[in-house]
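sequence plus the predicted model coming up.
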Amino acid sequence: MRYFFTGDTIFVRGDFRAASTGVNGGSRPASTIFNHTVPGNFDHADPFRYLWQIATAAGFGEDFFGLLTAVPMRHLCILQYDFITVFITAGVTNPNPDPTAPHTINIIVVSREGLSDGALLETIVTATGAKAHALGLMKYPFTGTTTDAVVVASEGEVRHTYAGTATEAGRRVYAAVARGVQEALDRQEGRTVRERPSFFIFSRYGGDHWVEWRPEGCPYYPCHFEGQVCDFCYCPYYPCHDSELGEWVKSSSGGQIWSCSTCTLLHEPGVAAYFKKNPEASLPELKKYRVSLKEDPQ
């Protein structure tokens with residue numbers, strides 16, 4: 001799974017089995033999932049064709065699921081809980097029966113571990129329940145808007161048959177969505193001000209808790225070297241399983257976790273700049289580019 005921003009769009013790319021409640025929804029393989037910001041007065045006779053134009057302009061095929069929102073992408077919240085990553089934009093000026101109201105709550109859930117078809121659909125139920133719970137905690141008198149949508153996707157061999165809240169997958173989805181909806185609404189409604197999308201990671205250091213990573217004033221800088229680039233503190237290739245860049249280590253829970261604490265690849269200014277221009281670059285391509293920079297620094 002890889003994700004990146006292009007203007008007013010968050011693109012999530014991979015080899016997915018996915019299910020969507022959005023425009024042209026259903027359940028099928030997909031290589032691209034995206035959420036795109038439109039103007040508040042957006043009115044298009046054919047929303048699917050509009051989404052198709054976005055995918056085509058980006059150079060992607062027709063195997064996609066797309067969502068539309070009036071929420072600016074700077075209010076996007078990304079939450080990572082182990083093998084689950086959630087992308088949320090949220091606005092609630094549309095809790096009424098008027099489908100033309102501009103805002104919506106869009107949730108994209110991606111699992112790096114395979115979900116059965118049943119688990120994909122159950123994840124939609126789990127995410128919706130978490131959304132309703134979050135709105136209740138924030139004292140909203142409704143459980144969603146009339147245009148809310150959920151996309152769920154997973155990669156790899158099936159490891160999870162179910163995704164209810166008592167399962168490993170469902171527990172992580174519920175926690176990430178419940179926290180993410182609240183954080184996304186805080187940003188959309190001005191209670192929290194950020195100039196770029198927000199990234200949260202579930203940490204077990206010092207007790208289970210969510211951490212918002214921000215490059216400004218990072219207490220660990222420089223964790224590698226003076227002048228490092230921190231735009232990709234949480235690597236889009238993780239876990240890469242490349243033994244030249246990381247290794248398996250014992251986790252605090254007794255299992256194993258992929259550690260890349262000594263990897264500097266995306267912290268190197270030249271490599272980071274190349275990746276920003278070429279967000280679809282493969283890991284071998286970046287490693288090759290790093291070698292070329294060392295051979296010819298000019």
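Nice, thanks for sending it over. Nothing here was measured: the structure is a model prediction, and the numbers come from that model. Numbering: from 1, shown residues only.

use CA for all of it now, contacts and neighbours both
Fine.

so the closest residue to A169 other than its chain neighbours is in which element?
With sequence-adjacent residues excluded and distances taken as CA to CA, 6 or more residues apart in numbering, A169 is closest to A163, at 5.4 Å. Counting by DSSP states H and E, no helix or strand carries A163.

how about G170?
helix 168-188.

in its sheet, what does the helix or strand just after that helix sit against?
The element immediately downstream of helix 168-188 (helix or strand, assigned by DSSP H and E) is strand 198-203. Neighbouring strands of strand 198-203 in its sheet, by DSSP bridges, are strand 77-81 (parallel), strand 209-213 (antiparallel).

thinking again about what came up before, neighbours of the residue nearest to A169, how many?
26 (other CA atoms under 10 Å).

how about the one 3 residues further on?
Here the neighbour count serves as a burial measure; for A166 (other CA under 10 Å) it reads 11.

show the pLDDT at it.
Reading off the confidence values, A166 has pLDDT 97.

please apply the same query to T161.
Looking at T161, its pLDDT reads 98.

and it, how far from F64?
24 Å (CA to CA, to the nearest Å).

comparing these two, which residue is more hemmed in?
Comparing T161 with F64 by other CA under 10 Å, the one with more neighbours is F64, at 22 against 16.

what pairs with A153 across the strands?
For A153, the beta-bridge partners are A18, V110 (DSSP bridges).

I'd guessed it sits against F16; true?
Yes - contact criterion CA atoms under 8 Å: A153 and F16 qualify, at 5.7 Å.

when those two are compared, which one has more neighbours?
Neighbours were counted for A153 and for F16 using other CA under 10 Å; A153 has more, 33 against 24.

which residues touch that one?
Listed by CA atoms under 8 Å, 6 or more residues apart in numbering, the contact partners of A153 are F16, R17, A18, A19, I108, V109, V110, S111, L120.

list only buried entries from those residues.
Among the contacts of A153, those that count as buried by neighbour count (16 or more other CA atoms under 10 Å) are F16, R17, A18, A19, I108, V109, V110, S111, L120.

pLDDT at the third one, what is it?
This means A18. pLDDT recorded at A18 is 98.

doesn't G156 make contact with it?
No - using CA under 8 Å, A18 makes no contact with G156, being 11.9 Å away.

okay, Q298: pLDDT?
Model confidence at Q298, given as pLDDT, is 62.

try A273
In this prediction A273 is given a pLDDT of 93.

which SS class is it?
Following DSSP: H, G, I helix; E, B strand; the rest coil, the label given to A273 is helix.

any weak-confidence spans in the stretch 1-150 of the chain?
The stretch 1-150 of the chain contains residues with pLDDT under 70 at 94-102.

hmm, try it at 90
Within the stretch 1-150 of the chain, the stretches with pLDDT under 90 are 1-2, 5-7, 39-45, 61, 92-103, 146.

tell me where the protein has strands.
2-6, 9-20, 26-37, 64-69, 77-81, 84-90, 105-111, 114-115, 149-154, 158-160, 198-203, 209-213, 247-250, 256-259 (DSSP state E).

orientation of the fourth one relative to strand 26-37 in degrees?
By that I understand strand 64-69. 40 degrees (axes from the mean of the first three to the mean of the last three CA atoms, to 10 degrees).
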